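In: Task: produce atomic coordinates for the following.
(2 chains)
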Amino acid sequence: MTTQVIRRLLQTIPTLIGVSIVLVLIFHLIPGNFVDSNPTISKERAAELKEMYGLTDPVHIKYLKWVKGVSTGDLGYSIQHKQPVTTIIDRYVWNSVLIAGVVLIFSWTIAIFVGVFSAVRQHSFYDGLITFLVFAVMSLPSFFIGLLAIKFFAVDNRIFPVGGMITTGANYEGWAHIWDVIEHMFLPVIVLTALNVGGLTRYFRTSMLDVIKQDFIRTARAKGLKERTVIFKHALRNALIPAITLLGFEIPGLFAGAMITEKIFNWPGIGSIFLNAINARDYFLMLGYTFFIAFLTIIGNVIADLLYRVADPRVRMK
Amino acid sequence: MSEAVVRSNAVEVKPPTKKPASPWRLALREMRKNKLAMAGFVVLILMFLFCFVGPLLSPYSINDAMNVRNGNKPPSAQHWLGTDKVGRDVLLRVMLAGRTSLLVGIVAMMVSVAIGSTLGAIAGYYRGWVDTIIMRLADIIMSIPSLPILIILGAALSELKMDPANRIYLVMFIIGFLSWPGLARLVRGQILMLREQEFMQAAEVLGLRDRRKIFRHLLPNTVPIIIVVATLSVANGILTESVLSFLGLGVVPPTPSWGNMISAANSMIEFQKRPWLWIPPGVCIFITVVAINVMGDGLRDALDPKSKR
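Out: This next block holds a predicted model:
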């Protein structure tokens, strides 16, 4: 097992190097930078700043400098925030993780139950309705549903706050603060759960259908077990095994922050910080964030792979 | 629907003296049984008519002079969806925007299919180091988060002061270019399997050139998978374009697109008081994407024998 893990991790190195080259190249080629887009800086100072931040270096020097930093856990310096990129990511990413974590729990719970029921009653009216609803929520443009939610729940009927994470001006402490944050989380969590739950429901439905048709389920029924025991104890357990790998794929999503939803709900997460960085042309922050997510994606794939091996011993490493 | 049923019965009743039903005909029959998918197909056709024929029937045209005094009118008998701030008919703009959005989705899909199926086929056919390089490249592109990169490239286009009319072609190409690896993997998998079959040994014996073997004998066998992925990727392209345009980084005015029409909602007054400006294009995106997804799923069931429900 240990050798498998090590081998699998070593395989990611070429991909990581490739990703870093492509990213630095893209950031090198795009025009404009923080210094030039700021009209208040004098020419001499601008040249000085560019020199200082290495904006004038040729691409391979830029790359080597950046990689050297990354290997020591330094993602560069955010000119816009005047702080290291890692500090910025660390400050805002947890706000994103908070939302993403809650959404993960909600969407998995809902998807498992809805998926199981829809599989058990395959071809029923309920199943057809669920299938249609699943497609509907999968097809929602995130920003549009966000705007509609704000218009309906926050502007027309003032049930939830319009955006942000805390009520400005009110310095709540303790439980009042927690409740305030929960209130602000409501709409973005609902929107993101709706966007996530569709694909998951389909996944659980298919997985459950595969299991239900197998012989051991018939045996369980023949033994005279209660239908509930058959479905939840015998079938669901087996249907969940392939889903374990899905958890690996959820890792980057947990930290990436929902860019569009965070922007619309003005949530101070890493995704909206990234969007603001674009307007300021704060390239180190953008590069650092993009690489961070790419890194998590690759690691997530490895974890998914390994989990699958653990869950299903038939899969063996060559 | 009833007509469809009658026709499909007619196929079944036909005496089997002639050639047996082709896989395509079987798939078509399967597809017709799927009411949801057929409904999606019909809605999609209606949407195309709405966008491409609708503007011809409208009493207004894009060349109408702007009339600020007639601006910001709520929906009425003359203007079914009201007017925007320079007095343009919103219904007409929604239809024209639909042309852009559908076009972006379709062209992006074609780019992605062209690259994905070709590279996938080459990787699967030659294997060895060619395969390694192509699949590593696919891995790299798949690992890079696509939305941030699209947004960065969109910002670069803005920095270059690109002409709006040409810009939409670049947007199509970029969206298509970032979405090929998924298809390439699927096609490669299929080709790896197909190239070991007997008809390929026959192709070998006939001394066909590699290019002919790949494009005339191998790729046509992967068409069902390509069709399914292509359909779903049109929906994806439309959604991606709408997000980019909403952020002002995709298709930019004066060219209308559903996404950039919704960005009217960025201004507080338009958002609160003039919902007719941004709700119709959003609803159009939603309807189109649902229709495509439902149809794509039906196609998958009909074309892929392994995914029978």
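In: Do a quick rundown of the strands in chain A.
Out: For chain A, the strands defined by DSSP state E occupy A:77-78, A:83-84.
In: What lies in contact with the last one?
Out: In other words, strand A:83-84. Strand A:83-84 has contacts (Cβ atoms under 8 Å, 6 or more residues apart in numbering or on different chains) with A:74, A:75, A:76, A:77, A:78. Bear in mind the C-beta positions are built from the backbone N, C-alpha and C, glycine included.
In: longest helix in the chain, by residue count?
Out: Looking at chain A here, since you left the chain open. helix A:174-212 (DSSP state H).
In: meant chain B, my bad for not saying
Out: Longest helix in chain B by number of residues (criterion: DSSP H): helix B:90-126.
In: Once you drop chain neighbours, what's closest to residue B:277?
Out: Closest residue to residue B:277 apart from its sequence neighbours, by Cβ to Cβ, 6 or more residues apart in numbering or on different chains: residue B:264 at 4.4 Å.
In: That neighbour: neighbouring residues, count only.
Out: By the measure other Cβ atoms under 10 Å in any protein chain shown, the count of residues near residue B:264 is 20.
In: give the contact list for it.
Out: Taking Cβ under 8 Å, 6+ apart, we find residue B:264 in contact with B:84, B:270, B:271, B:274, B:277, B:278.
In: go on, residue A:225?
Out: residue A:234.
In: now the strand or helix carrying residue B:182 and helix B:90-126, what's the angle there?
Out: Taking DSSP states H and E as the criterion, residue B:182 maps to helix B:180-194. Angle of helix B:180-194 versus helix B:90-126, following axes from the mean of the first three to the mean of the last three Cα atoms, to 10 degrees, is 40 degrees.
In: Check the offset of helix B:180-194 from the chain's centre.
Out: 20 Å (Cα atoms, centre = their mean, to the nearest Å).
In: So which residues make contact with the helix or strand that that helix is followed by?
Out: The helix or strand immediately downstream of helix B:180-194 is helix B:198-205, counting by DSSP H and E. Here helix B:198-205 makes contact (Cβ under 8 Å, 6+ apart) with B:194, B:212, B:213, B:217, B:218.
In: go again using 6 Å as the cut-off
Out: If you take Cβ atoms under 6 Å, 6 or more residues apart in numbering or on different chains as the criterion, helix B:198-205 is touched by B:213, B:217.
In: same question, stretch A:180-188
Out: A:99, A:149, A:160, A:161, A:164, A:165, A:166, A:167, A:172, A:261, A:265, A:267.
In: In helices only, show me the contacts of residue B:264.
Out: Those of those lying in helices (DSSP H): B:270, B:271.
In: Would you point out the most distant pair within the contacts of residue B:264?
Out: Farthest pair in those (Cβ to Cβ) is B:84 and B:271. Separation: 13.8 Å.
In: can you count the residues close to residue A:73?
Out: Residue A:73 has 8 nearby residues by other Cβ under 10 Å.
In: so what's residue B:115 scoring on pLDDT?
Out: Looking at residue B:115, its pLDDT reads 92.
In: Look up how far residue B:178 lies from it.
Out: 10 Å (Cβ to Cβ, to the nearest Å).
In: So the two - more neighbours on which side?
Out: Neighbour count, other Cβ under 10 Å: between residue B:115 and residue B:178, residue B:178 has more, with 20 against 17.
In: Kindly calculate the angle that the longest helix of chain B makes with helix B:198-205.
Out: 70 degrees.
In: For the closest residue to chain A within the stretch 1-150 of chain B, which non-adjacent residue is spatially closest?
Out: Using Cβ to the nearest Cβ, the single residue of the stretch 1-150 of chain B nearest to chain A is residue B:140, 4.0 Å away. Once flanking residues are discounted, residue B:140 sits nearest to residue A:18: 4.0 Å by Cβ to Cβ, 6+ apart.
In: Determine the number of other residues adjacent to residue B:23.
Out: By other Cβ under 10 Å, neighbour count at residue B:23 equals 11.
In: quick one: it from residue B:134, how far?
Out: The value you get for residue B:23 to residue B:134, if Cβ to Cβ is used, is 29 Å.
In: again, but for residue B:127
Out: 10 Å.
In: In terms of neighbours, single out the busier of these two.
Out: Per other Cβ under 10 Å, whichever of residue B:127 and residue B:134 has more neighbours is residue B:134, with 21 against 14.
In: Let me see the residues that make contact with the helix holding residue B:182.
Out: B:112, B:115-117, B:119-121, B:123-125, B:138, B:141-142, B:218, B:221-222, B:225, B:229.
In: CA atoms only: put it into CSV for me.
Out: Presented in CSV, the C-alpha positions along helix B:180-194 are these (Å, rounded to 0.1, in the frame of the first residue of the first chain):
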residue,chain,number,x,y,z
TRP,B,180,-11.5,19.1,-25.2
PRO,B,181,-9.7,16.8,-22.7
GLY,B,182,-12.8,15.0,-21.4
LEU,B,183,-13.8,14.0,-24.9
ALA,B,184,-10.3,13.1,-25.8
ARG,B,185,-10.1,10.6,-23.0
LEU,B,186,-13.4,8.9,-23.9
VAL,B,187,-12.5,8.7,-27.6
ARG,B,188,-9.1,7.3,-26.7
GLY,B,189,-10.6,4.6,-24.6
GLN,B,190,-12.9,3.6,-27.4
ILE,B,191,-10.2,3.5,-30.0
LEU,B,192,-7.9,1.4,-27.8
MET,B,193,-10.7,-1.2,-27.8
LEU,B,194,-11.7,-0.8,-31.4
